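# Make a model of this:
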Amino acid sequence: MAENLQIAKASTGDSELLDSYGREHSEKLQGMARSLVSALYMLIRSVKMYDPDNTVFDKPLSQLQDNINQIIRKEGKLELMGIKQSFYLNGMLVKVDMASLDNVKYLLEEMRGKDVGGFTMLRTTSIAELKNFIWIFSKEQTDLANEDGTDGKKLVSMKLAKWSKLKDKLENEKDESEAKLDRKKYALTCYGRAIFFTKKYMESLRNDNPLNTSKSLRILQDFVDISMDHRTHFLGLTTTKTDSEYLAYHQVNTCLMSIVFGNELGLTKPQLRDLGYIALFHDAGMGTVPDNLLNKRGSLTPDEKALIARAPLISVRNILREKAINRSTLLRLVTTFEHKVEFGTAVRDGQGNIQMIIPKANLGLYAKIISICATYDALTSKRAFRDSYGPEVALMLMWTEMRNKFDPDLLRIFMRVMAIQPIKVLTKRQQSLSIGLI
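Modelled structure (predicted):
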């Protein structure tokens, strides 16, 4: 009897419903799926005129039973769901020809008219049980189906998904998808605003009339708020950069990565804002260096090296030129200077490999974070004098040739944040890669 059918909620687990319906195409299963949909269409149309016990249903029901049981034996289950204007069998879109589109539309409307969004079966079924299912759509049956069928004709093994609940879930997931898209758009807007402000700030430096950096605090607070829940939005944005405007992008990218990194380290929102504030202007003094020098190919002259070496002092000078000098200002001064200081001295073996690092100074946490993020962004950025390194190569260089520049514990965590393991085996060619000007 009705041992195998039950109307129930769609089984979707923790993943989003729409995302769960995208199974790889199987031609054999497609054929069985089309036969299933076609048989249901014919039976539901016929039940409007005949009682399910009428002999006219004997052959179609027997064929439907064979089809259903064959799918269950092959797949271990049968889940047929109506999503939007199509059917999905066990997560696979059922493809029909143009002549059958009206049949699919009719079947979906009839099922949804009885609050049936689909059904799931885990065991083989019987003719009697299929009759109970078909009865739901008969002209005598005016009530909506319950999760276990109708009164007197209960379903046990077939689980019908209530269309009203399925529809609500689809609408909610649509809203969530749109909200995610909106958050990504907002993240991109914040990134663009930061780039625009940084360009204006660099321009004001060249004119020796720097803008008030506190105007960036609203942007930084937006960065912190978004990164708390959606760090991937920003880590993806940091690849958006052009070599012709490297410095502005470098400042913003370092700021974003520092905030995301600091969040992983458990810093509070106020701390993340302060860290981002310092990182956004960590290399502002480089804005006073002529473009032809920043983009110069080949080695630098002693005078040119001295000019670049003076850039951190200009960054510090600009902070001192601001009116308010308080604890926050002092932290900015110290961090802006310290982020250029190497973490330790490298002890190398006879082959030149780093065997040990002896710390040189007790650097602040913000400085160590900014040092790692700024170097990584510099290496992965295209410059006029070299191409960009890929993320893995950049991290390998930081872990091997440049390891003495960074706190090793923080570097390991940063590598996990960037989803790349710290231990890599370098080829002979990679071991001789040139770092170039950073």
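# Which residue ranges of the stretch 151-300 of the chain form helices?
Using DSSP state H, counting those that start in this stretch, the helices of the stretch 151-300 of the chain run over residues 163-206, 217-229, 231-237, 246-264, 269-280, 291-294.
# which stretch among those comes nearest residue 117?
The closest of the helices of the stretch 151-300 of the chain to residue 117 is helix 163-206. By CB to CB, the value is 3.7 Å. Any C-beta I mention is one placed from the backbone N, CA and C, and that applies to glycine too.
# sorry, back to before: highest mean neighbour count across the helices of the stretch 151-300 of the chain, which stretch is it?
helix 246-264 (a mean of 25; mean count of other CB atoms under 10 Å).
# Quick check: mean pLDDT of that one?
Mean pLDDT, computed over helix 246-264, is 90.
# so where's the stretch 1-150 of the chain shaky on pLDDT?
Within the stretch 1-150 of the chain, the segments meeting pLDDT under 70 span 1-25.
# Helices of that one, start to end?
For the stretch 1-150 of the chain, applying DSSP H, counting those that start in this stretch gives helices covering 17-20, 27-46, 58-75, 101-113, 127-135.
# follow-up on the earlier one: now distance to residue 351 too, for the helices of the stretch 151-300 of the chain, in JSON lines please.
JSON lines is the format used below for those (distance: least, CB to CB, whole Å):
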{"stretch": "helix 163-206", "distance to residue 351": "42"}
{"stretch": "helix 217-229", "distance to residue 351": "41"}
{"stretch": "helix 231-237", "distance to residue 351": "35"}
{"stretch": "helix 246-264", "distance to residue 351": "32"}
{"stretch": "helix 269-280", "distance to residue 351": "36"}
{"stretch": "helix 291-294", "distance to residue 351": "34"}
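# Out of those, which is closest to residue 394?
helix 246-264 (12.2 Å).
# what helix or strand does residue 345 sit in?
strand 344-348 (DSSP states H and E).
# Show me which positions of that strand end up buried.
344, 346 (16 or more other CB atoms under 10 Å).
# How about stretch 384-395?
In stretch 384-395, counting by 16+ other CB under 10 Å, buried: 388, 389, 391, 393, 394, 395.
# how long is it end to end?
Stretch 384-395 has an end-to-end distance of 21 Å (criterion: CA to CA, to the nearest Å).
# Distance of the residue of the chain most remote from its centre relative to residue 62?
The C-alpha centroid of the chain is most remote from residue 55, which lies 55.9 Å away (CA atoms, centre = their mean). Distance, residue 55 to residue 62, by CB to CB, to the nearest Å: 12 Å.
# I'd assumed residue 312 was in contact with residue 337.
Yes. Applying CB atoms under 8 Å, one finds residue 337 in contact with residue 312, separated by 6.2 Å.
# More neighbours: these two, which one.
residue 312 (20 against 15; other CB atoms under 10 Å).
# gap between the more buried one and residue 283?
For residue 312 relative to residue 283 (CB to CB), the value is 8 Å.
# what's the answer for residue 357, then?
Counting by CB to CB - residue 357 and residue 283 are separated by 24 Å.
# ok, these two, which is more surrounded?
Comparing residue 357 with residue 283 by other CB under 10 Å, the one with more neighbours is residue 283, at 21 against 18.
# Name the residues that touch stretch 80-87?
For stretch 80-87, contacts defined as CB atoms under 8 Å, 6 or more residues apart in numbering pick out 10, 17-18, 21, 33, 36-37, 88-89, 93-94, 104-105, 107-108, 111-112, 117-120, 161, 163, 166, 170.
# please redo it, this time with the cut-off set to 6 Å
21, 37, 88, 89, 93, 94, 108, 117, 118, 119 (CB atoms under 6 Å, 6 or more residues apart in numbering).
# Contacts only, for the second one.
This points to residue 37. Residue 37 sits next to 87, 94 when contact means CB under 6 Å, 6+ apart.
# Could you tell me how far it is located from residue 150?
For residue 37 relative to residue 150 (CB to CB), the value is 22 Å.
# And for residue 189?
53 Å.
# For the stretch 151-300 of the chain, give me the ranges with low pLDDT.
168-183, 229-244, 295.
# same question for the helix or strand containing residue 393, mean pLDDT?
For residue 393, the host element (DSSP H and E) is helix 391-399. In this model, helix 391-399 has a mean pLDDT of 89.
# ok but residue 357 is inside a strand, no?
Yes. Under DSSP: H, G, I helix; E, B strand; the rest coil, residue 357 sits within a strand.
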